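Undergrad: one predicted model, sequence on top.
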Amino acid sequence: MRRYIAITSLLLLLGALSARAQKEQNRGIIWSSLRGLEYTVKAGVNIGGTTPMPLPREIRAIDKYRPTLCISLEGDVKKWFGQRKTWGMMFGFRLENKGMETNATVKNYSMEIIGDGGEKLRGNWTGGVQTQVENSYFSIPVVALYRLNNRVSFSAGPYFSFVTGRKFSGYVYEGYLRENNPTGAKVEFAGDNRASYDFSDELRKFQWGAQIGAEWQAFKHLIVYADLTWGLNDIFRKDFDTITFAMYPVYLNVGFGYSF
């Protein structure tokens with residue numbers, strides 16, 4: 001009998017604590033709503049690529065493109081202004097990956113490859129280039145909001161990214177390298193003969209850009225969203241001159257979220 005009394009008392013205590021916690025949560029949501037504050041957690045995928053804009057003459061063709069699985073997790077705080085709450089601001093924290101794999105045909109493409117003995121050869125490459133990009137970021141979007149109606153809203157503004165993981169590497173194949181300049185000594189690669197390259201350490205640790213997006217309130221708490229992010233500074237360090245043109249990450253982030 002004592003055991004049943006103890007179990008019953010424990011269940012009543014847990015129920016009381018749960019009810020109190022729910023009450024405090026509801027009170028916090030009401031407090032935030034009265035001040036025009038909303039909180040959102042989101043999960044999505046990034047689809048896109050890291051590319052020069054426009055394509056330089058050295059890149060003659062994109063032979064293959066494959067997006068990789070890139071996940072994003074984000075928490076946002078929104079502040080709406082005025083009684084109608086048409087305009088607002090959003091501040092967020094986002095953990096994300098951005099990546100791709102491409103094969104391209106190039107001509108006189110500035111390149112530094114790694115030989116079989118670990119030696120580095122620099123010059124102008126003509127032939128095939130395979131590139132793999134896989135970077136991870138801690139990003140902070142700070143955007144303006146416009147609410148079209150009770151279900152649809154739009155956003156636009158800058159984002160700032162701190163690179164937490166860097167990878168930009170690949171290999172060259174079916175072509176030749178002119179050492180040092182376009183008329184230098186010719187080093188050929190044919191068949192299965194390849195040479196790798198790795199520019200991961202040359203990537204910037206801080207990147208920034210602009211993003212625009214839209215959000216649809218599907219249900220009371222469930223949202224569906226899409227954000228286009230466009231990098232505005234070169235992904236490589238300023239003093240890196242092997243690749244002679246700037247490259248920018250351009251990705252579409254789509255997913256769903258829960259709005260408090």
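TA: Okay, I see it.
Undergrad: drop to CA atoms for contacts and neighbour counts, all remaining ones
TA: Will do.
Undergrad: neighbours of Met111, how many?
TA: In terms of burial, Met111 registers 22 neighbours under the definition other Cα atoms under 10 Å.
Undergrad: give me the low-pLDDT residue ranges for the stretch 1-150 of the chain?
TA: Residue ranges of the stretch 1-150 of the chain with pLDDT under 70: 1-36.
Undergrad: now do 80
TA: In the predicted model of the stretch 1-150 of the chain, residues 1-36, 115-118 satisfy pLDDT under 80.
Undergrad: Ser136 belongs to a helix, doesn't it?
TA: No - with DSSP: H, G, I helix; E, B strand; the rest coil as the criterion, Ser136 is strand rather than part of a helix.
Undergrad: any idea how far the closest residue to it other than its chain neighbours is from Val45?
TA: Nearest residue to Ser136, sequence neighbours excluded (Cα to Cα, 6 or more residues apart in numbering): Asn97, at 4.3 Å. Applying Cα to Cα, to the nearest Å, the value for Asn97 to Val45 is 9 Å.
Undergrad: check Gly209 too.
TA: 18 Å.
Undergrad: repeat for Glu174
TA: 34 Å.
Undergrad: between these two, which is the more surrounded one?
TA: Neighbour comparison, Glu174 and Val45: the larger count goes to Val45, with 20 against 16 (by other Cα under 10 Å).
Undergrad: overlap in contacts, Asn97 and Val45.
TA: 70-72 (Cα atoms under 8 Å, 6 or more residues apart in numbering).
Undergrad: helix or strand next in line after the helix or strand hosting Tyr173, which one?
TA: For Tyr173, the element it lies in under DSSP states H and E is strand 168-179. Per DSSP H and E, the first helix or strand lying C-terminal to strand 168-179 is strand 186-198.
Undergrad: alpha carbons of whatever helix or strand comes next after that following strand, in PDB - could you do that?
TA: Using DSSP H and E, the helix or strand that follows strand 186-198 towards the C-terminus is strand 206-217. Only the C-alpha atoms of strand 206-217 are listed here, as PDB (Å, rounded to 0.1, in the frame of the first residue of the first chain):
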ATOM      1  CA  PHE A 206      35.300  34.900 -42.700                       C
ATOM      2  CA  GLN A 207      32.800  35.300 -45.500                       C
ATOM      3  CA  TRP A 208      29.700  37.500 -46.000                       C
ATOM      4  CA  GLY A 209      26.900  38.000 -48.500                       C
ATOM      5  CA  ALA A 210      23.300  38.700 -49.000                       C
ATOM      6  CA  GLN A 211      20.200  36.600 -48.700                       C
ATOM      7  CA  ILE A 212      16.600  36.900 -49.800                       C
ATOM      8  CA  GLY A 213      13.800  34.500 -48.800                       C
ATOM      9  CA  ALA A 214      10.200  33.700 -48.300                       C
ATOM     10  CA  GLU A 215       8.300  32.000 -45.600                       C
ATOM     11  CA  TRP A 216       4.800  30.300 -45.600                       C
ATOM     12  CA  GLN A 217       2.900  29.600 -42.400                       C
END
